[in-house]
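Enquirer: I'd like to go over a predicted model; first the sequence, then the structure.
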Amino acid sequence: MKAPHQLLTHSPLKACLIFLLSALYMNPLFAIPKDANVDEAKVPKFTLPDPLTMTDGTPVTSSHQWSARRRGEILDLFKEHVYGRSPDGLPAGLSHQVTQTIPNFLDGKATLKEIRVLFNGKKDGPKMHILLILPNHTKKPAPAFLGLNFSGNHSIHPDSRITLSKSWMRPKKDGSVIDHKATEKARGASSSRWPVETIIDRGYALATIYYGDIDPDFDDDFKNGVQPLFYREGQKKPAANEWGSIGAWSWGLSRALDYLESDPTIDAKKVSVLGHSRLGKTSLWAGAQDQRFAIVISNDSGCGGAALSRRRFGEKVKRINTSFPHWFNDRFNQYNDNENALPIDQHQLISLIAPRPVYIASASEDLWADPTGEFLSGKYAEPVYALFGKKGLGCDQPPAVDHPVGDFIRYHRRSGKHDLTAYDWAQYLDFADRHLIKNK
Ligand code: GTR
């Protein structure tokens, strides 16, 4: 398939189609196709794979057995069948440089740093730009939130000192992206999703990266992004069981955590990884693979994220593989309209985060992402948390809107649409305070 910008140059009809599709991607409610089920009564009967039974049938009865054997087994199944295998080692030459430091950001409340990570050490090779904002009022290394953003680091806050991204961007009709490049108009365009000042006031640092730096979000058969850095001789694209874009974005989050571990202003043992929507799928997969993340937060992650695939509610496996053929590995296509054949389901993705705290959030109008299916993933991960003596959601039914529930597995269904809002952040900050900051 060609990249959207290549199609755009070909015919006005195709251009209209791409704009329409892009608009739909950003508005899943509007996008719910007629054949998608959003009726609870029509959810098929299904049996979920048991996180606490080994593939050979042995029951898992202790946290030791879980950590030593079962966890790896489940992780492997997700690699093989869903997200693909990410490379183990780092590309030769990977390096980082601090490119800008502004000590008086937010009227002196914060220090802003920009860090460039050259994935193969070459300036003209693939690279990502970390925007790090640190509180000035705290004395100790700061706990942090780390999340990818959709529209460039410059979109999270209007301050013109933040470097405008030069990376490829999805088309936007409002003038904030022209010819696939961000314009000045894009500054602060996503600020409602990033309450920077509140995060800083609460004593946390915020690290964010434009997700397209790691792998541009269109299907080009993996010619750009980080995947080619790892091709074996003669290899042209990832094999059927190797990583897609979600795998690559997650890998990028781990590389950002590598940097944070090297920065003395950060308490790298207290980093919460967070993401919205496709980037919520990504934060879950990053947190499942990389146990250095202290807390994992999934905001409206839906199909391929927190929602159970077997419910076939809202977005289904076939639909996501068709709309976004580059997100998962090729093997995941085997489960199009064939979810019961999956050797895992998404509650086991949540279980891979145990015993670390995990927050799953839904929005009441976001039926495309299946709020109930997102809740149930948390519910069915509880037995794994229980092995560690950790309490999960503590209830069997989804709670009322705007009533968060749970302890080490926490869940809320915010009233409103598919979005990342101040309400969501208020819950995540309290959650991080409770689990990461003593005496709170
Ligand atoms: C939708 C997609 C969802 C979700 C969303 C987003 O179009 O169907 O799975 O990831 O995009 O990331 O905005």
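Expert: Received it, and whenever you're ready, just let me know what you need.
Enquirer: And the next helix or strand past whichever strand or helix holds residue 384?
Expert: Applying DSSP states H and E as the criterion places residue 384 in helix 371-387. As assigned by DSSP H and E, the chain's next helix or strand after helix 371-387 is strand 405-406.
Enquirer: List the strands paired with that next one, with their directions.
Expert: Taking DSSP bridges as the criterion, strand 405-406 forms sheet pairs with strand 409-414 (antiparallel).
Enquirer: could you give the mean pLDDT of the partner strand?
Expert: Across strand 409-414, the average pLDDT comes to 98.
Enquirer: in it, what's buried?
Expert: 409-414 (16 or more other C-beta atoms under 10 Å). For every residue, glycine as well, the C-beta is placed using N, CA and C.
Enquirer: now the helices: where do they sit in the stretch 201-350 of the chain?
Expert: 245-262, 278-289, 317-323, 346-351 (DSSP state H, counting those that start in this stretch).
Enquirer: closest to residue 212 out of these?
Expert: Among the helices of the stretch 201-350 of the chain, the nearest to residue 212 by C-beta to C-beta is helix 245-262 (9.3 Å).
Enquirer: Does anything pack onto the closest one? Which helices or strands?
Expert: Helix 245-262 is packed against strand 110-118, strand 127-135, strand 142-149, strand 205-210, strand 266-276, helix 278-289, with contacts defined by 3 or more C-beta pairs under 8 Å, 6 or more residues apart in numbering; DSSP states H and E.
Enquirer: Buried ones in that helix, by neighbour count?
Expert: Quick answer for helix 245-262 (16+ other C-beta under 10 Å): 245-260.
Enquirer: Out of these, which is nearest to the ligand?
Expert: Among the buried residues of helix 245-262, residue 246 lies closest to the ligand (C-beta to the nearest ligand atom), at 9.6 Å.
Enquirer: Who are the contact partners of the closest residue in space to residue 185 that isn't next to it in sequence?
Expert: Closest residue to residue 185 apart from its sequence neighbours, by C-beta to C-beta, 6 or more residues apart in numbering: residue 176 at 4.6 Å. By C-beta atoms under 8 Å, 6 or more residues apart in numbering, residue 176 lies in contact with 151, 155, 182-183, 185-186, 189.
Enquirer: what comes into contact with stretch 424-437?
Expert: The contact list for stretch 424-437 (C-beta under 8 Å, 6+ apart) reads 143, 145, 195, 198-199, 202-204, 270, 272, 274, 294-295, 297, 299, 357, 359, 361, 404, 408, 410, 412, 414, 440.
Enquirer: returning to that earlier point: taking their axis directions, the helix holding residue 384 and helix 278-289 sit at what angle?
Expert: Angle, helix 371-387 to helix 278-289, by axes from the mean of the first three to the mean of the last three C-alpha atoms, to 10 degrees: 10 degrees.
Enquirer: Name the helix or strand for residue 77, please.
Expert: Applying DSSP H and E as the criterion places residue 77 in helix 71-78.
Enquirer: right, and the helix or strand after that helix?
Expert: As assigned by DSSP H and E, the chain's next helix or strand after helix 71-78 is strand 95-105.
Enquirer: For residue 140, grab the count of nearby residues.
Expert: For residue 140, the neighbour count with other C-beta atoms under 10 Å is 8.
Enquirer: My read is that it contacts residue 266, right?
Expert: No. In this structure residue 140 lies outside contact range of residue 266 using C-beta atoms under 8 Å: 10.3 Å.
Enquirer: Contact partners for the nearest residue to residue 184 once chain neighbours are set aside?
Expert: Leaving aside its sequence neighbours, residue 184 sits nearest to residue 164 (C-beta to C-beta, 6+ apart; 7.1 Å). By C-beta under 8 Å, 6+ apart, the contact set of residue 164 is 152, 154, 182, 184, 186-187.
Enquirer: Buried only: go through these for me.
Expert: In terms of neighbour count (16+ other C-beta under 10 Å), the buried residues within the contacts of residue 164 are 152, 154, 182, 186-187.
Enquirer: for the protein, which spans come out with low pLDDT?
Expert: For the chain, applying pLDDT under 70 flags the ranges 1-31, 439-440.
Enquirer: let's go with 50 and repeat that
Expert: Along the chain, segments meeting pLDDT under 50 span 1-29.
Enquirer: gap between whatever residue of the stretch 101-250 of the chain ends up closest to the ligand and residue 217?
Expert: Proximity of the stretch 101-250 of the chain to the ligand (C-beta to the nearest ligand atom) peaks at residue 150, 7.5 Å away. According to C-beta to C-beta, to the nearest Å, residue 150 stands 9 Å off from residue 217.
Enquirer: Pull up the overlap in contacts between those two.
Expert: By C-beta under 8 Å, 6+ apart, the residues touching both residue 150 and residue 217 are residue 211.
Enquirer: Can you pull up the residues of the stretch 151-300 of the chain that come close to the ligand?
Expert: Neighbours of the ligand within the stretch 151-300 of the chain, by C-beta under 6 Å from any ligand atom: 277-278.
Enquirer: Could you show which parts of the stretch 301-440 of the chain are in contact with the ligand?
Expert: Within the stretch 301-440 of the chain, the residues that sit near the ligand (C-beta under 6 Å from any ligand atom) are 302-303, 315, 320, 323.
Enquirer: Turn these into CSV, including neighbour count.
Expert: Shown next, in CSV, are these (neighbours: other C-beta atoms under 10 Å):
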residue, neighbour count
302, 28
303, 27
315, 25
320, 21
323, 13
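Enquirer: any idea which of those residues is closest to residue 87?
Expert: residue 320 (24.0 Å).
Enquirer: one step back: how about the CA coordinates for the helix holding residue 384, as CSV?
Expert: The C-alpha coordinates for helix 371-387 follow below in CSV (Å, rounded to 0.1, in the frame of the first residue of the first chain):
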residue,chain,number,x,y,z
PRO,A,371,-15.5,0.1,27.7
THR,A,372,-17.0,-3.1,29.2
GLY,A,373,-14.4,-5.2,27.5
GLU,A,374,-11.7,-2.9,28.9
PHE,A,375,-13.1,-3.3,32.4
LEU,A,376,-13.3,-7.1,32.0
SER,A,377,-9.6,-7.4,31.0
GLY,A,378,-8.8,-5.9,34.3
LYS,A,379,-11.2,-8.2,36.0
TYR,A,380,-9.8,-11.4,34.5
ALA,A,381,-6.3,-10.3,35.3
GLU,A,382,-7.1,-10.2,39.0
PRO,A,383,-6.1,-13.8,39.8
VAL,A,384,-2.6,-13.0,38.8
TYR,A,385,-2.4,-10.0,41.0
ALA,A,386,-3.9,-12.1,43.8
LEU,A,387,-0.9,-14.5,43.5
